[in-house]
Every structure is written in C-alpha cells, then in structure tokens.
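> pasting the structure only:
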C-alpha cells in the first residue's frame, strides 16, 4: 500500500465532502510516537457521514468488502490504495473521541490528518481485546508501546473509564505498574 497516495486521495475527499473522521489503529500509533508496521488505514468516522463516505470510496475505486452497524471495510484492486477500515462513531463515547481528535504533525506534502488522542486509541484497543480475546497480545503490545512513548502525558482517569467499561481494570493496574510515570 502506498500510504502517501491513499492518504492524499482520502484526505482530499474527506475535506471536499465534510466527512468527520480521525485516524485510529496502527497508523495512528505512529502519529502518536509509537510506530509499528501496518498494512492498512483505519479511521473512526461519524455515522451521519457514512453515505458520503461510501460514495467517496466508490469514486476512488474501492469496493466495500463488509459493512455492519459498527464497521465498514473497503479494498481496492489497485494495490497502491490497499485496505481502509472505518469504525462508525454513533455512541456517546465514540462521538466524544471524534470530537477530541487533533490534527497530526504535518505529513508528506504538509497535509495534516486528524488523529484520536492517545487515551482514545488505547480505549479502542481495550475494546478490541474485549471483543476478541485472541487479539490480547497484539493490542497489549500496542498499548504498552503507546504508554512508553507518552510517559508523563497519559490521562489515567480516562483510561480507568475505558478499562472499567470492558471489565479489564486488572489490566490497567498492570499497565500502571509497568509505566508508573506515563
């Protein structure tokens, strides 16, 4: 996947259509200081913008592989555009995440991308573990990498809410013990 090419097309389309979204997942980790390899782009998108998003994705040559109440997944026959996944923001918590999203440092070409705050990215990682326990090792590694990169900057109160929401407070205690000054 050519991330620069795909992002340029997506960001132009999001802006032209007023699509409210922010980066999440592996690409967001890199923007937040904890880079790791990723094969796709992931976004949180406002549910009211899903129709405009679908029209955009089709216009860019993507095909929708899957859609549910919570997620849309797209792929392109053009390998340089790769895969793009969207989580749908419609609950109070996810809409709050989207509202708090901030612009990233400039990307190639000076473009900026909205990215979720680090605590909100961690919150989605906690949700992913709750939804699929087989992902726990991968999600925990991502959470720990972000905690390491953000020492002294984490809002532990917001993290407590996310971990408690998914009945994983013991995991938060372990994280806090490993990164007491995060």
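All right, it came through fine. Fair warning: this is a prediction, and the values are worked out from it, not measured in the lab.
> quick one: residue 181 from residue 171, how far?
From residue 181 across to residue 171, the span is 19 Å (CB to CB, to the nearest Å). Heads up, the C-betas are built off the backbone N, CA and C, glycines and all.
> what does the domain assignment say about this structure?
Per the record, the chain has its domains at 3-116, 119-178, by automatic domain parsing.
> check contacts around the residue at minimal distance from the centre of the chain.
With distances taken as CA atoms, centre = their mean, the residue of the chain nearest its centroid is residue 24 (1.0 Å). By CB atoms under 8 Å, 6 or more residues apart in numbering, the contact set of residue 24 is 42, 43, 44, 87, 115, 116, 121, 124.
> Report the strands that pair with the helix or strand the third one falls within, each with its relative direction.
Remark: residue 44 resides in strand 40-46, with elements defined by DSSP states H and E. Its sheet considered, strand 40-46 pairs with strand 21-24 (antiparallel), strand 83-89 (parallel) by DSSP bridges.
> which residues does the residue nearest to the centre of the chain bridge with?
Here residue 24 sits in beta bridges with residue 42, going by DSSP bridges.
> gap between it and residue 152?
In this structure, residue 24 lies at 23 Å from residue 152, with CB to CB as the measure.
> cool, residue 30 as well?
Shown here: residue 30 relative to residue 152, a distance of 20 Å by CB to CB.
> Then residue 82?
From residue 82 over to residue 152 the distance is 35 Å, taken as CB to CB.
> can you check residue 97 too?
As for residue 97, its distance to residue 152 is 22 Å (criterion: CB to CB).
> Compare the two (neighbour count), which wins?
Neighbours of residue 97 and residue 152, each counted by other CB atoms under 10 Å, are more numerous for residue 97; the result is 22 against 7.
> Which secondary structure state does that one sit in?
Residue 97 carries the three-state label helix when classified by DSSP: H, G, I helix; E, B strand; the rest coil.
> is it true that it touches residue 43?
No: counting by CB atoms under 8 Å, residue 43 is not a contact partner of residue 97; they are 11.5 Å apart.
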